[in-house]
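Novice: got a structure for you, letters missing:
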């Protein structure tokens, strides 16, 4: 939920399979769905893209996780906060680390990327289901 309520995707197949592991670990069916994204959306919709881990990226994630984001972005794109995000955010809230240290701790070692589609009409028009693959 880094970027608020939405339908989350990634352009990285390994990352999608990793996201499915939590289902496999619970002995549930794990499926990766493949979509075609019409990149015209990037020109026609309200898009926020974070190219790097930055203070702006962290501030946006913090607002989303606190339920305080009232922005009207259709699509939000950028890096994934790692699994330690809750601990890091708590340390930041408690004043034990500054934003620079929080950003450093939230980075993944491996490349990662997420796209949050936050409006149904954008998904209907620009995201097209192609197939599913059981993991």
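Specialist: Ah, there it is. Bear in mind that the values here come from a model prediction, so they are computed numbers and not experimental data. Residues are numbered from 1 along each chain as shown.
Novice: okay, now residue 44: neighbour count?
Specialist: 13 (other Cβ atoms under 10 Å). The way it works is simple: take the backbone N, C-alpha and C, and place the C-beta from them, glycine included.
Novice: Find me the pLDDT at it, would you?
Specialist: What the model reports as pLDDT for residue 44 is 95.
Novice: Can you give the contact residues for the helix or strand harbouring residue 91?
Specialist: Following DSSP states H and E, one finds residue 91 within helix 85-93. By Cβ atoms under 8 Å, 6 or more residues apart in numbering, the residues outside helix 85-93 that reach it are 2, 61-62, 65, 81, 97-99, 102, 105-106.
Novice: Could you write me a PyMOL select line covering just the buried ones among these?
Specialist: Selecting just the buried residues from these in PyMOL takes one command, with 16 or more other Cβ atoms under 10 Å as the test:
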select buried, resi 2+61+62+65+81+97+102+105+106
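Novice: Mind putting the contacts of helix 85-93 into TSV with distance to residue 119, pLDDT and secondary structure?
Specialist: Converted to TSV, the contacts of helix 85-93 look like this (distance: Cβ to Cβ, whole Å; pLDDT from 0 to 100; DSSP: H, G, I helix; E, B strand; the rest coil):
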residue	distance to residue 119	pLDDT	secondary structure
2	17	88	coil
61	19	89	helix
62	22	86	helix
65	20	86	helix
81	22	78	coil
97	34	93	coil
98	34	91	coil
99	29	86	helix
102	29	84	helix
105	31	82	helix
106	26	76	helix
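Novice: Show me where the protein dips below the pLDDT cut-off.
Specialist: Scanning the chain for pLDDT under 70 picks out the ranges 83-86, 108-111.
Novice: Please, where are all the helices along the chain?
Specialist: 13-25, 41-44, 55-65, 85-93, 99-106, 120-126 (DSSP state H).
Novice: do you know which of those lies nearest residue 112?
Specialist: helix 13-25 (5.5 Å; Cβ to Cβ).
Novice: For that closest one, name the packing helices and strands.
Specialist: strand 31-37 (3 or more Cβ pairs under 8 Å, 6 or more residues apart in numbering; DSSP states H and E).
Novice: which residues are contacting the strand it packs on?
Specialist: Contacts to strand 31-37, defined as Cβ under 8 Å, 6+ apart, come from residues 9, 13, 16-17, 20, 115, 126-135.
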